[in-house]
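# Could you work out the structure for the sequence below:
(2 chains)
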Amino acid sequence: MKKKTGAKAAARFADGAPILFRGGRVVDPSQSLDGVKDLLLVDGRVEALGKGLSAPDGARVVDCKGLVVMPGLIDVHVHLREPGGEHKETIQTGARAAAAGGFTAVGAMPNTDPPIDNPAAVAFVLAAGQRAGAARVYPLGCISVGQKGERLAEIGEMVAAGAVGITDDGHPVMDSGLMRLALEYAQIFGVPVADHPEDLGLSRGGAMNEGLVATRLGLHGKPNASEDVHILRDLIVAELTGGHIHLQHVSTRLGIDAIRQAKARGVRVTAEATPHHMLLTDEAVEGYRTEAKMNPPLRSRADVDAVIEGFRDGTLDVLATDHAPHHYDEKEQAFDDAPNGIVGLETALGLVHAHLVGPGVIDLSTMVERMSVSPAKAFNLPGGTLRKGSPADVTVMDPAHVWTIDADTFLSKSHNTPFNGWELAGRAVMTVVGGRVVWELE
Amino acid sequence: MTPTVAHFGKDLIGLEPLTGDQIRAILDTAEPFKEISERRIKKVPVLRGKTIVNLFFEPSTRTRISFEFAEKRLSADTVNIQTAGSSVVKGETLVDTARNLEAMRIDMVVMRHSASGAARFLAERIPSNVINAGDGSHEHPTQGLLDLLTIRDNLGKIEGAKVCIVGDILHSRVARSNIYGLIKLGAEVAVCGPPTLQPVGIEELGVHIFNRVEEAIEWADALNVLRLQLERMQSGYVPSLREYNRLWGISTARLEHAPKELLILHPGPMNRGVEIDSDVADGEHSVILDQVTNGVAVRMAVLYLLAGGAPEKAESAKGGAES
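Here you go, the predicted structure:
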């Protein structure tokens, strides 16, 4: 049985009281640390990390024997749907779902309605995130006005208002000249340009991965080439400008090879891997399952193996969920008509732990690197470390906790996941943001 | 009673999930039903009291009328709903359409829809039998069956026959149903047409690919010539109808060079002078009108089997042959 870390216990302590995590396995690759230690949080900061720490007066002491204590997980790619899609998700429900999944911070995509392409809109997301009082919500702003791919949005103003990056996610930047301008201009503000790599000419009409499954089902396919071409374009333009390109949800073998080579040449590139592109192939679409419809689509076994290898060797340095909530009505349609995307915040940690750490593909330290340290670095976010003085953002995981994914219990407003019913070992049992417990497993 | 091989489930969504024996049983069941359409009074009480909805979300003349004749000649009560538009009728979702049909306690639905997977979507949500009358680019199983029956009638058997499907395979539900059915019954299958209209991985289904129609004609016993949808030209898959005709059109001149006489099938409606020349369509090797006649018999067989009929009882169920 798992140990008791009930919500009742939390109620006895004042919000913001010191917390001492005693005797957990502290895994913090930012300090090359993996060992049993105590961690003390005071006044929203990491106060101390060491052996035999004593609890200050009024502190909550959490017995972490058998648990893993890590810097708070960060997902730089989520869709919180507010404003405009509140029937799918709100900033509040999304931030709570994130906390329940062990994430202490998320990067909110700007493809809302209206899109986040100006400083007032950025400020709205930021304020709503603070009100939510769960995971931190970092807004991203659009690259182009209205995500139309025509001219740059007010990147400087948006960064001043709190945007941590820019992206037209959902709409790839097709105009290479505009991408060049964005990569040149964004550099002075120190934010990455995140791109959804997809050549819309090559993917036109596609609803899933191109290949035998699509041919059998009579669905139009998106070839790997539609992603490869765009990844190569972005890498070349990034190299030209010296800008930082962040490639989102990379899913193709050739694309990963190109990123690996670009990194070796010194191109400033960071890249995402999603849990679903490492755990499912396009065969999951069989039966026209709309919960397996996403963009980029689930691809072949060779691509899945390449994403796993890229994630293992660090070519894909950031784990991101591309959390994309949709109302059940919207997914309850013919495959062609259903929208792309799946929710991911409440399943990512368990999936990565059970299916990549469990079988030994990566170790725990690499998992924390990809889910906390690297995302913080890529977007210059506070966190991603438990160094003294850093923000008190902490995720506690019970690696032995066996549970079954039940979409009906999600805190997210939406339940669109292809992983429903999967049994996993490993789950966040406590999520702490700025020294406050924002989520705790009952 | 032990269920026969023809009991292939609640629905007919495609030929891919069926076994060769199940397909043969449907074709065999169609044989006795052919005779009903030759009678003076074309009606038998096989489906008396059954209500069937023909739900056509895409325009169709031939298939809808063929189903309607099959249903009426078996004495079913039928309602036709034909609506233009792609996936939604007046804003109603497919799932709502399904629920409304279910609430009216109908026995069977024959559906055509522009989205691949739509028939299966409906079948998973209602207890009535669902017959796929064409879903997107996926399958058109009764067309596949009537093509099989026509080939069997004319060549004597399907096993070992060489059949080439000519044209737009990428968008064709007829092609997919033909490929599955023919291969399961032991035919050799090839496809031929513009490379832009060949789906990726098609050879993994066990078909040969011919780039030149002359090669296909030299190889085949039968050609199934697909309609070239005019919008394929507008979206740039082929540069012009003239060029398509010149490269892939089935003409008498081309057939004259064939080493043997070829059976010519076409699922209709034809673009004369594009994928098929008139003298071929109207010529002695064309079995295009046999296909239409067989369509009614095959659909009667499918309706009868889904309603619970046994293949070996089909002859007596329809009251024997008219004397």
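# For residue 220, give me phi and psi.
Chain wasn't specified; assuming chain A. phi -80, psi 140 (degrees, to the nearest 10).
# and whatever residue of the stretch 1-150 of chain A ends up closest to chain B, what pLDDT?
Closest to chain B within the stretch 1-150 of chain A is residue A:87: 15.1 Å, counting by C-beta to the nearest C-beta. No exception for glycine: its C-beta is placed from N, CA and C like everyone else's. What the model reports as pLDDT for residue A:87 is 97.
# For it, grab phi and psi.
Torsion angles at residue A:87 (phi, psi; degrees, to the nearest 10) stand at phi -70, psi -20.
# Repeat that for residue B:56.
phi -110, psi 110.
# ok, how many other residues are close to the one residue in the stretch 101-250 of chain A that gets nearest to chain B?
With C-beta to the nearest C-beta as the measure, residue A:218 is the residue of the stretch 101-250 of chain A nearest to chain B, at 3.2 Å. By the measure other C-beta atoms under 10 Å in any protein chain shown, the count of residues near residue A:218 is 26.
# Quick check: it vs residue B:289, distance?
According to C-beta to C-beta, to the nearest Å, residue A:218 and residue B:289 sit 28 Å apart.
# State the number of residues packed around residue A:363.
15.
# How much space separates it from residue A:34?
Distance from residue A:363 to residue A:34, by C-beta to C-beta: 8 Å.
# Quickly list what's touching both of the two.
Here residue A:363 and residue A:34 have no joint contacts, going by C-beta atoms under 8 Å, 6 or more residues apart in numbering or on different chains.
# which bits of the stretch 151-300 of chain B sit near chain A?
Residues of the stretch 151-300 of chain B that fall close to chain A, judged by C-beta under 8 Å from any C-beta of the partner chain: B:173, B:176, B:199, B:200, B:201, B:202, B:204, B:205.
# In helices, which of those residues fall?
B:173, B:176 (DSSP state H).
# Need the max-distance pair from the residues of the stretch 151-300 of chain B next to chain A.
Within those, B:173 and B:204 form the most distant pair, 18.4 Å apart (C-beta to C-beta).
# Which one's more surrounded, those two?
Neighbours of residue B:173 and residue B:204, each counted by other C-beta under 10 Å, are more numerous for residue B:173; the result is 24 against 11.
# which phi and psi does the spatially closest residue to the more buried one that is not a sequence neighbour have?
Residue nearest to residue B:173 in three dimensions, not counting chain neighbours: residue B:140, with 4.2 Å by C-beta to C-beta, 6 or more residues apart in numbering or on different chains. Note on residue B:140: backbone dihedrals following degrees, to the nearest 10 are phi -140, psi 80.
# from memory residue A:35 sits against residue A:25, does it?
Yes: counting by C-beta atoms under 8 Å, residue A:35 touches residue A:25, with 7.0 Å between them.
# between these two, which one's more packed in?
Between residue A:35 and residue A:25, counted using other C-beta under 10 Å, residue A:25 has the larger neighbour count: 18 against 10.
# and the more buried one, what element?
Element membership for residue A:25, per DSSP states H and E: strand A:19-28.
# where does the helix or strand following that strand sit relative to the chain's centre, distance-wise?
Sequence-wise, the next helix or strand downstream of strand A:19-28 (DSSP H and E) is strand A:33-42. Its chain's C-alpha centre and that of strand A:33-42 lie 25 Å apart, by C-alpha atoms, centre = their mean, to the nearest Å.
# Ok, stretch A:111-129 next?
That offset, for stretch A:111-129, works out to 19 Å (C-alpha atoms, centre = their mean).
# Kindly provide the distance from the residue most central in space within chain B to chain A.
Against the mean C-alpha coordinate of chain B, by C-alpha atoms, centre = their mean, the closest residue is residue B:143 at 0.8 Å. To chain A, residue B:143 is 14 Å away according to C-beta to the nearest C-beta, to the nearest Å.
# biggest helix in chain B by residues?
Ranked by residue count under DSSP H, the longest helix found in chain B is helix B:288-306.
# gap between the helix or strand of chain B with the lowest mean pLDDT and the chain center?
Within chain B, no helix or strand scores below helix B:230-234, which has a mean of 79 by mean pLDDT, DSSP states H and E. How far helix B:230-234 lies from its chain's middle: 23 Å, per C-alpha atoms, centre = their mean.
# Tell me which other helices or strands the following helix or strand past that helix touches.
Next helix or strand after helix B:230-234 toward the C-terminus (DSSP H and E): helix B:241-248. In terms of contacts (3 or more C-beta pairs under 8 Å, 6 or more residues apart in numbering or on different chains; DSSP states H and E), helix B:241-248 is packed against helix B:230-234.
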